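Q: sequence first, then the predicted structure, then my questions.
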Amino acid sequence: MIYKNPELKNKTALVVGCGGLGGYVIEELSRAGIGKLILLDGDSFSQSNMNRQLLADFDTLGKMKAEVYAKRLKKTSVANVKFFNQFLTKDNANLIEETDIVLDCVDNLSTREFMSIECKKRGKILVSAAVEGEQGQALICFPEEDSFERLFSKAVETPHDTISYAVATVASIQSALAIKAMCGIAEEFRNKIVLIDLESMMVKILEL
């Protein structure tokens, strides 16, 4: 394994949600040379996942997502991997303490809010992303800032209709932000959000 960023081999990331965004994030962080990954997801693959989730296929239907990705990484990565077939709750939130960074790859607002609170409590950086249709967003939430709260304070749950290339693109930006944060080169992204619109092929960085 050749490490482009050697410091990554000493870093640990917790990926919460191993579906659309999470699958690509896991793949990219592991191939970038991260030392340890903790995978957390209580869901299993279903046929409805096959349009956008990297390891959703006829062989993995019904299998737990975190476990499937952990097995894949044994073949593709030297990263130390732990997985939990669980959703993030107060009973396992202590996993956040083992990490350098947390990646929000879930698709529901209540879990996002809980994750943000727990990361702030423990002084951990959270990199959050979301995708809908051909649009998406990603941002770094530093624990001493309120960027997450300002962004999601008026958010409401909506049905998700995502496209594979949008998921992959947003996940790549989320991974890039996480790597920058772990390498200590993310100051320029404080209180900013990256907006992606693949319908118009535009990427913007805006102040929050």
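A: Sure thing, it's come through. Numbers count the residues shown, from 1 in each chain.
Q: rest of the way, CA atoms for contacts and neighbours
A: Will do.
Q: can you give me the helices for the chain?
A: Taking DSSP state H to define them, one finds helices in the chain at 20-32, 65-76, 109-122, 147-152, 164-182.
Q: per-residue confidence for Pro143?
A: Looking at Pro143, its pLDDT reads 95.
Q: residues in contact with Tyr24?
A: In this structure, Tyr24 makes contact with Leu54, Ala168, Ala171, Ser172, judged by Cα atoms under 8 Å, 6 or more residues apart in numbering.
Q: who wins for most neighbours among those?
A: In terms of neighbour count, Ala171 stands highest of the contacts of Tyr24 at 29 neighbours, by other Cα atoms under 10 Å.
Q: surely it meets Ile26?
A: No: in this structure, Ala171 sits apart from Ile26 without contact. The criterion is Cα atoms under 8 Å, and the distance is 9.3 Å.
Q: put the alpha carbons of the lowest-mean-pLDDT helix or strand in the chain into CSV.
A: Of the helices and strands making up the chain, the lowest-confidence element is helix 147-152, at a mean of 80, by mean pLDDT, DSSP states H and E. Presented in CSV, the C-alpha positions along helix 147-152 are these (Å, rounded to 0.1, in the frame of the first residue of the first chain):
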residue,chain,number,x,y,z
SER,A,147,-22.6,25.0,11.3
PHE,A,148,-24.6,21.8,11.5
GLU,A,149,-27.3,23.4,13.6
ARG,A,150,-27.6,26.5,11.3
LEU,A,151,-27.9,24.2,8.3
PHE,A,152,-30.4,21.7,9.6
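Q: quick one: low-confidence ranges for this structure?
A: Applying pLDDT under 70 to the chain flags residues 1-4, 153-160.
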